[in-house]
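Sequence plus predicted model, see below.
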Amino acid sequence: MSDAETIKLTMAGKLSYEDDISVGQAAQIIAFLHSAPGATAPAGSPARIGQVIDLGSPERRRVTSSPRDALETSGAKTNPEKIVAFALYVEQQGDKDTFTVEDIKPLFRQARESTPQNLSRDLDAAIRLNWIAPATEKGEFYVKDVVANVLDSGFGSVRSGRGGAGKTKSLPTRRARRTSIATPEAFNGIEVSPTIDGYINYHKVKAKTDKYLWAVNAAKLWGVQALSNAEIVWLTDKLGAGISTGDIGGNYRSNFKQGYVNKNAEGKTRMTPAGTDHVLSLGGGSGE
C-alpha cells in the first residue's frame, strides 16, 4: 500500500469524526497518540497533527440534545439567530456540514417556537450578517466560522452592545480585503491571471465556493500542486475577488464534501479530478 492510497479514520467520544486519510497521515496520528503527554510533532516533520486532522473550523464541543436545547444554550432570540442555532444542531445530527430551509423549518415546531411567516427573508438576513453562506449545491447553506461556536459561547459575543438582548449587530456586506502579505514563494515568477484558456473567467464565477475551487485549480495548472489557507487567501485576493480567512474553512468543507478537494500530508489543499471537471463545467472557452 502506498501513501497515495487512503484508509478510513474514525474517532469517537463526545464528538465523532470520520474521514479518508493517507497512509502517511495515519502513521503520524498513531505516532502522536503513542507519544508522551504534551508531546508535539517532531521538528521538520511533514505535518503536525493539527494539520492532518483539518476540520476547517474552530472546534465545536457542545453537543445539543434537541432543537430546544440548541436555542437555550446559544441564547438565540431573533429568527436569524435561531436559524444559526438550528443549523448547527442539524450539523451535529448528520454527516454533512450544510443545511436546507426544509431542514430548519420543522425545528421551530419541535422547539415549541412559532415558525416564521417568511423564513426565506430571515435566512437572507442571516446571510447579510455574514453568519451563513450558500454552499456549492443549490439550495444548501453552511454556517460561517464567526458564529460556529455559539452553542458553546452564546450569541452575546456577536451582538451589538447597545441593541439589547433581542437585537443583533447589523454588519455590512463583507468586501474583499487587500492582503498585505508578501507573494508566497510558490508563486514567485508566476503571472497570476483571472483568465485561463478553456475555463470561465474568475470574475464570472458566481458562487464563492466555486471561486475557491477555481483558484486552487488555477494554481495546479500553474504548477503549484497544493495550497495552504494563507496562500488561497493571497491568491484569490490577487485574482481580484478575495476570500477572507474566516471563509476559507467553510469553502473547504463544502468542496471536500463534494469530493472536489482534499488535503495532502502537509495539510495543504489540493484538487481532485472531480474538482477540475466541476470547474470546467462552469463554462469556458478562452476565459469567457
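The structure has been received and is ready for your questions. Numbering: from 1, shown residues only.

Please enumerate the helices of the stretch 151-288 of the chain.
Counting by DSSP state H, counting those that start in this stretch, the stretch 151-288 of the chain has helices at residues 208-221, 229-239, 245-257, 273-281.

Run through the stretch 51-200 of the chain and note the low-pLDDT ranges.
Along the stretch 51-200 of the chain, segments meeting pLDDT under 70 span 51-63, 94-96, 160-181.

just the strands in it please.
Assigned by DSSP state E, counting those that start in this stretch, the strands in the stretch 51-200 of the chain fall at 132-134, 141-143.

still on that earlier bit, which of the helices of the stretch 151-288 of the chain has the lowest mean pLDDT?
Ranked by mean pLDDT, the helices of the stretch 151-288 of the chain end with helix 245-257 at the bottom, a mean of 86.

which residues are contacting that helix?
Residues outside helix 245-257 that contact it (CB atoms under 8 Å, 6 or more residues apart in numbering): 54-57, 96-98, 133, 135-136, 142-146, 208-209, 212-213, 229-230, 232-233, 243, 261-262, 269, 275. No exception for glycine: its C-beta is placed from N, CA and C like everyone else's.

domains for the protein, by residue range?
Here the domain parsing of the chain from automatic domain parsing is 6-52, 67-158, 185-281.

Mean neighbour count added to these, as JSON lines?
Supplementary listing: the domains of the chain in JSON lines, determined by neighbours: other CB atoms under 10 Å:
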{"stretch": "domain 6-52", "mean neighbour count": "13"}
{"stretch": "domain 67-158", "mean neighbour count": "18"}
{"stretch": "domain 185-281", "mean neighbour count": "19"}
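
Not counting sequence-adjacent ones, nearest residue to Asn217?
Val279 (4.8 Å; CB to CB, 6 or more residues apart in numbering).

I'd guessed that neighbour sits against Trp214; true?
Yes. With contact defined as CB atoms under 8 Å, Val279 reaches Trp214; the gap is 5.5 Å.

what residues do those two have in common as contacts?
Common contacts of Val279 and Trp214, defined by CB under 8 Å, 6+ apart, comprise Tyr199, Ile200.

right, and the helices of the stretch 151-288 of the chain - which one's nearest Ala26?
Closest approach to Ala26 among the helices of the stretch 151-288 of the chain (CB to CB): helix 245-257, 17.8 Å.

angle of that closest one against helix 208-221?
Interaxial angle of helix 245-257 relative to helix 208-221 (axes from the mean of the first three to the mean of the last three CA atoms, to 10 degrees): 80 degrees.

Now do the closest residue to Val205 other than its chain neighbours against Leu88, distance only.
The shortest distance from Val205 to any non-neighbouring residue, by CB to CB, 6+ apart, is to Lys211 (4.9 Å). Counting by CB to CB, to the nearest Å, the separation of Lys211 from Leu88 is 25 Å.

quick one on the thing from earlier: which one, of the helices of the stretch 151-288 of the chain, ends up nearest to Asp122?
Between Asp122 and these, the shortest gap by CB to CB is with helix 245-257, which sits at 19.8 Å.

Next, the angle from that closest one to helix 229-239.
Using the same axes, to 10 degrees: helix 245-257 against helix 229-239 is 100 degrees.

Between helix 273-281 and helix 245-257, find me the angle.
Between the axes of helix 245-257 and helix 273-281, defined by the same axes, to 10 degrees, the angle is 110 degrees.

about what we covered before: how much space separates the residue nearest to Asn217 from Val146?
To Val146, Val279 is 27 Å away according to CB to CB.

picking that back up, unless I'm mixing things up, the residue nearest to Val205 is touching Thr236, no?
Yes. Assessed by CB under 8 Å, Lys211 is found in contact with Thr236 at 6.4 Å.

any shared contact partners between those two?
Contact criterion CB under 8 Å, 6+ apart; residues shared by Lys211 and Thr236: Ile243.

Can you pull the phi/psi pair for the nearest residue to Gly156 once chain neighbours are set aside?
Once flanking residues are discounted, Gly156 sits nearest to Gly75: 6.4 Å by CB to CB, 6+ apart. Phi and psi for Gly75, reported as degrees, to the nearest 10, are phi 70, psi 30.
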